[in-house]
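J.: I'd like to go over a predicted model; first the sequence, then the structure.
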Amino acid sequence: MNLLIPCAAGVEASVKRQLHTLGYGDCPAINGRISLAGDFFDVARLNVFLRSGERVLLELGAAPVSTFEELYDAAFSLPWEEFLSAHSLIRMDGKSHQSKLGAIKAAGGVVKKAIVNRLKEKLGVRSLDEKGERAIVGVSIFRDVASFTLDTSGEGLHKRGYRTLAYEAPLKETVAAAMVESSIYRAGKPFADLFCGSGTIPIEAALYALKIAPNARREFDFCKWKCTPEVLPQIRQEAEDVRDRQTKLALFASDLSENAVSIARYHAKRAGVGEHIRFACADMRTFSSKEPYGVLLSNPPYGERLKEGDLFALYRDFGRMYRSLPDWSCYFLSGYAEAERAFGGRAAKRRKLSNANLPCGFYGYLGAQPPKNK
Ligand SMILES: C[S@@+](CC[C@H](N)C(=O)[O-])C[C@H]1O[C@@H](n2cnc3c(N)ncnc32)[C@H](O)[C@@H]1O
């Protein structure tokens, strides 16, 4: 089967490294989706283990299309009846880019009609009641080639299940995981998020360092398809086997808001990593550490709430505080255009990264590293 993994802009390299670590080699990225071949075990593994992919899509087929008739025929020719039943609740999802068929809502309607007609014909029923399990069908048209997919994940993979309470401007779990993965943080290094909000970054850092599969406990749509073999229990067992139960982490997370800290503490407990993170209510300006070679990883505010002058001062003070730490590295994600200038000094690493469709910069300042023989 051909599997596609869409991810946020700027996160592709991180997903590719995660795939490599999972043993899938070098997978190409096409139009914001990473492509690889796999079977139902791979579908389960990717859903359970991937930290930064948004979903795992199964591509049933792709065909050149420039008219609605061609789109209908291409969709009708695919074996939907192997996956869906006469009760499937079909939901359409689509996008079109640089193509003649730009009206994606109409294209979705055409594809759905083709699927319904095919199911009626192949299953020998007169109508579909749509009272059964959800099936998310995707049609993505890029440069006049339509790709038809079924969403194996259902809910987006950022929905790990631990974040149940809301605090302002939470970061997507998948993006937080990509930030952690792209940084030099590894288990054993000091770590701090001084703008922790609802706790996403330190929780994802703990899951990563302890090799805890982020989605081992949740459900996925592909398990409800009629052709799916019983694969999830085995993959959940693999997740149990690989997780590190020995290491004790000493992550630190703080925020100016007491409410945010109590929400973050609650989420960490739900994620099963509460004992690895020490939380505090504090202004980031007061942070200090005598331990060398630590990592600061944060998503400071950049929104409408702060006035320009206050925002500049916040990033300036963040930079000053950072430079007082011995050999620490600092990474932060921000949509504030002046972030780097205010922080002081050019970032050694800089990447565009989209957070909730907002263009942001991911900046990395690297401290000295410990001598190799230590
Ligand atoms: C963009 S939010 C962080 C969201 C977080 N990454 C999450 O996923 O929930 C920025 C956070 O910075 C906090 N903050 C603002 N000024 C601060 C300061 N001077 N020191 C510490 N925290 C601060 C806010 O209370 C807010 O929770």
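T.: Yep, it's here. Small disclaimer: the values here were computed from a predicted structure and weren't measured. Numbering: from 1, shown residues only.
J.: what strand or helix carries the closest residue to Phe343 other than its chain neighbours?
T.: Leaving aside its chain neighbours, Phe343 sits nearest to Gly319 (3.8 Å; criterion: Cβ to Cβ, 6 or more residues apart in numbering). No exception for glycine: its C-beta is placed from N, CA and C like everyone else's. Element membership for Gly319, per DSSP states H and E: helix 308-323.
J.: just the pLDDT at the residue in the stretch 51-200 of the chain positioned nearest to the ligand, thanks.
T.: For the stretch 51-200 of the chain, the residue closest to the ligand is Gly197, as judged by Cβ to the nearest ligand atom, at 2.7 Å. Per-residue confidence (pLDDT) for Gly197: 97.
J.: likewise for Asn373?
T.: 66.
J.: could you do Arg305 as well?
T.: Arg305 is assigned a pLDDT of 69 by the prediction.
J.: hmm, back to that, the residue nearest to Phe343 contacts Ala339, correct?
T.: No - with contact taken as Cβ atoms under 8 Å, Gly319 and Ala339 are classed as non-touching, separated by 9.6 Å.
J.: tell me which stretches of the protein form strands.
T.: 2-6, 29-30, 33-37, 57-64, 89-97, 134-142, 145-151, 191-193, 251-255, 277-281, 295-298, 329-334, 349-355, 358-365 (DSSP state E).
J.: weakest of those in terms of mean pLDDT?
T.: strand 29-30 (a mean of 87).
J.: so what touches that strand?
T.: Among residues not part of strand 29-30, those counted as contacts by Cβ atoms under 8 Å, 6 or more residues apart in numbering are 12, 16, 35.
J.: in JSON lines: these, plus neighbour count.
T.: JSON lines is the format used below for the contacts of strand 29-30 (neighbours: other Cβ atoms under 10 Å):
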{"residue": "Glu12", "neighbour count": "20"}
{"residue": "Lys16", "neighbour count": "21"}
{"residue": "Ser35", "neighbour count": "16"}
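J.: out of those, which one sits closest to Cys223?
T.: Ser35 (22.8 Å; Cβ to Cβ).
J.: sorry, back to before: quick one: which of Gly319 and Ala339 has more around it?
T.: Ala339 (23 against 18; other Cβ atoms under 10 Å).
J.: isn't the more buried one right next to Tyr365, touching?
T.: No - in this structure, Ala339 is not within contact of Tyr365 by Cβ under 8 Å, at 11.7 Å.
J.: spit out the contact partners of Val198.
T.: If you look again at residue 198, you'll see it is Ser, not Val. Counting by Cβ under 8 Å, 6+ apart, Ser198 makes contact with 163, 165-167, 170, 260, 263-264, 267.
J.: ChimeraX command to pick out the buried ones of those residues?
T.: ChimeraX command restricting the contacts of Ser198 to the buried ones, with burial defined by 16 or more other Cβ atoms under 10 Å:
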select :163,167,170,260,263,264,267
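J.: mind putting the contacts of Ser198 into CSV with pLDDT and distance to the ligand?
T.: What follows is the contacts of Ser198, written out as CSV (pLDDT from 0 to 100; distance: Cβ to the nearest ligand atom, whole Å):
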residue, pLDDT, distance to the ligand
Arg163, 97, 8
Leu165, 96, 10
Ala166, 88, 9
Tyr167, 89, 5
Pro170, 92, 4
Ala260, 97, 4
Ile263, 98, 8
Ala264, 98, 7
His267, 98, 9
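J.: all the helices of this protein, in order from the start?
T.: The residue ranges that make up the helices of the chain, judged by DSSP state H, are 12-21, 40-49, 68-76, 104-123, 173-182, 200-209, 232-242, 258-270, 308-323, 339-343.
J.: residues making contact with the longest one?
T.: Going back to what we said before, that points to helix 104-123. Residues external to helix 104-123 that are found in contact with it (Cβ under 8 Å, 6+ apart): 68, 71-73, 75-76, 78, 80-81, 84-86, 88, 90, 92-96, 101, 125-128, 137, 139, 141, 146, 148.
J.: sort out which of those are buried, if you could.
T.: Applying a neighbour-count criterion of 16+ other Cβ under 10 Å, the buried members of the contacts of helix 104-123 are 68, 71-72, 75-76, 78, 80-81, 84-86, 88, 90, 92, 94-96, 101, 128, 137, 139, 141, 146, 148.
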